[in-house]
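Q: got a sequence here, can you build the structure:
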Amino acid sequence: MNNWQKLCKQVAPLIKGNVPEETYHLSFVSCLMTIFYWNDSNIKDKVSVPMGSSTKEADIVLEGKDFNIVIEMKKPSVMLGNDQAGQLISYMRILGCKYGLLVGNRLKFFYDYDQTKKPNEIMETPVITIDFNENDDEGKTLGELLDYSVCSKEKLYAYSKTKLEAVLYAIKKEQWKRDLAANNYEKIRETIKKGLLPDGYDEDFIQNIVSDMTIFFGKRGNDPEPPVPVNPDRLNALIERALSDFPQIRILKRVSNYIRFATTKMDTLFQCDSSQERSTTWRDGTKYCYWFNVVKEDEYRSCFELGPLNQDANTINKMNQIARKYHKGAVTSNQKYRRICTWNIDVKSLLNLEDEDVINEIRKIIERMFDWEKAHFNDLVT
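A: Residues are numbered from 1 along each chain as shown. Down below sits the predicted model:
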């Protein structure tokens, strides 16, 4: 059994039981000593961190030869979002540490690669985020690296640099894809038009051909299924009917002339990627809470976001509190689904209920919406 598997076995019951942070902290220190063989003298507990006129405490600092690692522990039910990452990055900078671990119901590894950058630029790019899954290959690699007998400044740097380059490349790639996909893939369409004009084709003819094209991104050798064409009039009518049948629902995105096939991360209630862990302003200026896209294992499903349809900070804060209370871990899936729309659920009308009732009402709305979409899907096909 490797280090990572041993760690997962130790923390699994702690996460499941949602133990207090102090209990989790003490157990993790024990794991550092018994699994990774860090000596008691190399593990500094509750290290003072001067911050302005006050003094905070970093939970754990591992002291190696010519390097330190700051570890910030959080109760398993706490979402590891920007607030928690920002706290860790601040401690790292004040203590002069380039490396940090944020540990809750998952583990995030941070590398402060450029101290001229603002903390938010560092905290939004953890070099790796790992769920406590015994069979995770990334976890196995990190578990080997953190073993006291092999952990070194050189190996930490090499590991962090490689992982960071992959993260930054992925971010740049997604930005390029967003740019190319903007305005219904206008850049790609214009490039195709310019490429065909020298061949003597009539400009109106080219415009008609390009306008009829359906463009989507897919991995080479694993192309997605072609989108299903739909009748735009039927789609608009169906959306209007949905808004009438579901007063708590509004549209965030709608497909224009086809049902999009997608491969997605299937999340349970109140779980999201770090890029979504903040309140976000939608393109029309309204606010929604950031908590999740819900997708279940069925081919007729859409994406959902939660939040008020206005910029009511009290409503957003209340949803944040409920989300932290009922936070659940994510499940990764390559399930394909057909997306009719991305819907928003307005939670403002629900917030006079008890927290648990809010969650149950949201679940009911989503389940009804799932069933409704499945029943009406064939109405859209041309």
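Q: now the helices for the stretch 1-150 of the chain?
A: 3-16, 21-34, 82-95, 119-123, 137-145 (DSSP state H, counting those that start in this stretch).
Q: among those, which comes closest to Trp176?
A: Ranking these by distance to Trp176, with CB to CB as the measure, places helix 119-123 first at 19.0 Å. Any C-beta I mention is one placed from the backbone N, CA and C, and that applies to glycine too.
Q: angle of the longest helix seen in the chain against helix 137-145?
A: Determined from DSSP state H, the single longest helix within the chain is helix 153-196. Orientation check (axes from the mean of the first three to the mean of the last three CA atoms, to 10 degrees): helix 153-196 against helix 137-145 gives 150 degrees.
Q: give me the contact list for the helix or strand just after helix 153-196.
A: Next along the chain after helix 153-196, taking DSSP states H and E as the criterion, comes helix 203-212. Here helix 203-212 makes contact (CB atoms under 8 Å, 6 or more residues apart in numbering) with Arg189, Ile192, Lys193, Leu196, Leu197.
Q: what distance do you get for the closest residue in space to Lys44 that isn't next to it in sequence to Ser149?
A: Nearest residue to Lys44 in three dimensions, chain neighbours excluded: Val61, at 4.3 Å (CB to CB, 6 or more residues apart in numbering). Per CB to CB, to the nearest Å, Val61 is found 19 Å from Ser149.
Q: the two: who's more crowded?
A: Comparing Val61 with Ser149 by other CB atoms under 10 Å, the one with more neighbours is Val61, at 21 against 8.
Q: residues in a beta bridge with that one, which ones?
A: In this entry, Val61 is beta-bridged to Lys44, Val70, by DSSP bridges.
Q: renumber starting at 47 from here on
A: Fine by me, first position is 47 from now on; the one you just mentioned is Val107.
Q: dump the residue contacts of the closest residue to Asp86 other than its chain neighbours.
A: Nearest residue to Asp86, sequence neighbours excluded (CB to CB, 6+ apart): Met79, at 6.8 Å. Met79 makes contact with Asn85, Asp86, Ile89 under the criterion CB under 8 Å, 6+ apart.
Q: can you count the residues close to the last one?
A: Just to be clear, that refers to Ile89. Ile89: 17 neighbours (other CB under 10 Å).
Q: residues contacting stretch 175-193, please?
A: With CB under 8 Å, 6+ apart, stretch 175-193 has contacts from 48-55, 57-58, 61, 82-83, 115, 151-155, 174, 196-197, 201-202, 205, 320, 375-376.
Q: from these, which would you call buried?
A: 49-54, 57, 61, 82, 115, 151-155, 174, 197, 202, 205, 320, 376 (16 or more other CB atoms under 10 Å).
Q: okay, now the unreliable bits of this protein?
A: Within the chain, the ranges that satisfy pLDDT under 70 run 260-278, 296-363, 365-388, 390, 416, 423-424, 426-428.
Q: what's the burial count for Lys209?
A: Under the neighbour criterion other CB under 10 Å, Lys209 is assigned a count of 19.
Q: now it: how far from Ile89?
A: Taking CB to CB, one finds Lys209 at 24 Å from Ile89.
Q: could you do Glu67 as well?
A: Going from Glu67 to Ile89 by CB to CB gives 17 Å.
Q: which ones are touching Phe82?
A: Asn49, Gly189, Leu192, Asp193, Tyr194.
Q: tell me which two of these sit farthest apart.
A: Gly189 and Tyr194 (12.1 Å).
Q: so for the two, which residue has more residues nearby?
A: Each of Gly189 and Tyr194 has its neighbours counted (other CB under 10 Å); Gly189 has more, 20 against 15.
Q: hang on, the earlier thing: from the contacts of Phe82, which is closest to Ser395?
A: Gly189 (47.0 Å).
Q: where's that closest one relative to Thr208, distance?
A: Counting by CB to CB, the gap from Gly189 to Thr208 is 17 Å.
Q: again with Ile140
A: 27 Å.
Q: what of Met119?
A: 26 Å.
Q: more neighbours, the two?
A: Using other CB under 10 Å, the more surrounded residue of Met119 and Thr208 is Met119, with 22 against 11.
Q: leaving out sequence neighbours, find the closest residue to Tyr205.
A: Nearest residue to Tyr205, sequence neighbours excluded (CB to CB, 6+ apart): Leu191, at 5.6 Å.
Q: count of residues packed around that neighbour?
A: 18.
Q: equivalent analysis for Ser73, please.
A: Here the count is done by other CB under 10 Å, and Ser73 has 16 residues near it.
Q: who's in contact with it?
A: Here Ser73 is in contact with Gln56, Val57, Leu60, Val65 (criterion: CB under 8 Å, 6+ apart).
Q: wait, the second one touches Cys77, no?
A: Same thing as Val57. Yes. Val57 lies in contact with Cys77 (CB atoms under 8 Å); the separation is 7.4 Å.
Q: against Val95, how distant is the residue nearest to Asn114 when sequence neighbours are not counted?
A: Closest residue in space to Asn114, ignoring its immediate chain neighbours: Cys143 at 4.4 Å, by CB to CB, 6+ apart. To Val95, Cys143 is 11 Å away according to CB to CB.
Q: just Leu397 next, same as before
A: 36 Å.
Q: between these two, which one's more packed in?
A: Val95 (19 against 15).
Q: count residues in the vicinity of the closest residue in space to that one that isn't next to it in sequence, would you?
A: Leaving aside its sequence neighbours, Val95 sits nearest to Lys102 (CB to CB, 6+ apart; 4.6 Å). Burial measure for Lys102: 15 neighbouring residues, criterion other CB under 10 Å.
Q: quick check: Asp225 touching Lys233?
A: Yes. With contact defined as CB under 8 Å, Asp225 reaches Lys233; the gap is 6.9 Å.
Q: domains of this protein?
A: 49-197, 212-258, 274-425 (automatic domain parsing).
Q: and the contacts of Phe82, which is closest to Glu407?
A: Glu407 lies nearest to Gly189 out of those, by CB to CB, at 41.6 Å.
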